[in-house]
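Trainee: sharing a model prediction with you, sequence too.
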Amino acid sequence: EPKPSRNRIRLKVGLNFIESIAMPLEIERKFLLANDAWRAEVSRTRVMRQGYLSTTGGRASIRVRLDQDEARLNIKAAVVGSARAEYDYGVPPEEAQEILDTLCVGRIDKTRHIVERDGFTWEIDEFHGDNAGLIVAEIELDAVLQDFPRPSWLGREVTDENRYYNHSLALKPYRSWDGA
């Protein structure tokens, strides 16, 4: 997975802006899918389990993720939108499993499919368990306003909809949504 670069951003905290802070910045856009044509383009797949150590309402989302290759502890600014501060660290897999089993307030299971297309990497998350039926495509970018080609299988953008964020899905799963 691409790691966020250090960028200078204008960070809003409460009603105030803190000018020009250098921190790792994730720039990501999220989309639903229009059809299953993306499946023919998958280059690799990883099964993941992740859990959150905090509920909503705080200033950060704290997550542990475990898959067959590695374990990571991740801290992201709790903001909705395409750009947010992100810190990511490797942790021993056995410790990640212990955290998942004993400390998390919400968990999700998903399969991440990777699609390389037109010089961009799409991460397509197919959710399981209480989030089964939901599939979300994500693309990480170098700039908030960066252009990128939109595959025909791409559906509606949901970047600005909090309920599609993994942290929200862990606490209020897709299955509990009206009309899901």
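Mentor: Great, that's in hand.
Trainee: all strands of this protein, in order?
Mentor: 5-13, 16-33, 42-52, 60-67, 71-77, 83-90, 106-117, 120-127, 135-140, 154-157 (DSSP state E).
Trainee: can I get those in JSON lines including mean pLDDT, mean neighbour count and distance to H167?
Mentor: Placement of C-beta: from N, CA and C, glycine included. What follows is the strands of the chain, written out as JSON lines (pLDDT from 0 to 100; neighbours: other Cβ atoms under 10 Å; distance: least, Cβ to Cβ, whole Å):
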{"stretch": "strand 5-13", "mean pLDDT": "48", "mean neighbour count": "13", "distance to H167": "19"}
{"stretch": "strand 16-33", "mean pLDDT": "74", "mean neighbour count": "15", "distance to H167": "13"}
{"stretch": "strand 42-52", "mean pLDDT": "97", "mean neighbour count": "16", "distance to H167": "5"}
{"stretch": "strand 60-67", "mean pLDDT": "93", "mean neighbour count": "21", "distance to H167": "4"}
{"stretch": "strand 71-77", "mean pLDDT": "92", "mean neighbour count": "19", "distance to H167": "8"}
{"stretch": "strand 83-90", "mean pLDDT": "90", "mean neighbour count": "16", "distance to H167": "11"}
{"stretch": "strand 106-117", "mean pLDDT": "97", "mean neighbour count": "18", "distance to H167": "8"}
{"stretch": "strand 120-127", "mean pLDDT": "98", "mean neighbour count": "19", "distance to H167": "13"}
{"stretch": "strand 135-140", "mean pLDDT": "97", "mean neighbour count": "20", "distance to H167": "13"}
{"stretch": "strand 154-157", "mean pLDDT": "98", "mean neighbour count": "15", "distance to H167": "19"}
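Trainee: and those: which comes nearest D147?
Mentor: Taking Cβ to Cβ, strand 120-127 is the member of these nearest to D147, at 10.5 Å.
Trainee: show me what the closest one pairs with in its sheet, parallel or antiparallel.
Mentor: Under the criterion DSSP bridges, strand 120-127 sits next to strand 106-117 (antiparallel), strand 135-140 (antiparallel) in its sheet.
Trainee: great, nothing more from me.
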